[in-house]
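**Student:** The sequence isn't on hand, but the structure is:
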């Protein structure tokens, strides 16, 4: 997958994670994209370790999107835990 496709995947996965997990989040489009990209990497790594597959391989593959969204939701929840502990 190319870098532009991976950034687009990250943006959409990060926005979907923010829609699925209610609450206020700081940051704009770049923060959302960063959450999505790191979440996609996290989801792909965990999916590969658990299932022995390459879930972040092709842009139009369902497993790629599921791994990216699940990883983004998990990362967003962890970030909120740390942000809540500091406040």
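**Tutor:** Looks like it arrived, so ask away. This one's a predicted model, so the numbers in the text were calculated from it and none came from an experiment. Residues are numbered from 1 along each chain as shown.

**Student:** who does the longest helix that the chain contains touch, helix- and strand-wise?
**Tutor:** Identified as the longest helix of the chain according to DSSP state H is helix 62-86. Applying 3 or more CB pairs under 8 Å, 6 or more residues apart in numbering; DSSP states H and E, we find helix 62-86 packed against helix 3-20, helix 29-51. C-betas here are computed from N, CA, C, even on glycine.

**Student:** which residues touch stretch 48-64?
**Tutor:** 1, 5, 8-9, 40-41, 43-44, 47, 66-68 (CB atoms under 8 Å, 6 or more residues apart in numbering).

**Student:** among these, which two are most distant?
**Tutor:** 8 and 47 (19.6 Å; CB to CB).

**Student:** of those two, who's got more company?
**Tutor:** The neighbour count for residue 8 versus residue 47, taken as other CB atoms under 10 Å, is higher for residue 47 (21 against 16).

**Student:** Go ahead and confirm the more buried one touches residue 69.
**Tutor:** No - at 11.5 Å, residue 47 does not count as touching residue 69 under the criterion of CB atoms under 8 Å.

**Student:** The longest helix of the chain vs helix 29-51, what angle?
**Tutor:** For helix 62-86 against helix 29-51, the angle by axes from the mean of the first three to the mean of the last three CA atoms, to 10 degrees is 120 degrees.

**Student:** Distance check, residue 4 against residue 33.
**Tutor:** 12 Å (CB to CB, to the nearest Å).

**Student:** Please say which of those two ends up with more neighbours.
**Tutor:** Comparing residue 4 with residue 33 by other CB under 10 Å, the one with more neighbours is residue 33, at 20 against 9.

**Student:** from memory the more buried one sits against residue 7, does it?
**Tutor:** Yes - assessed by CB under 8 Å, residue 33 is found in contact with residue 7 at 6.3 Å.

**Student:** Flag the shaky bits of this protein, pLDDT-wise.
**Tutor:** Confidence mapping of the chain against pLDDT under 70 gives the ranges 1, 26, 53-57, 84-87.

**Student:** Run a quick neighbour tally on residue 61.
**Tutor:** Quick note: residue 61 (other CB under 10 Å) scores 14 neighbours.
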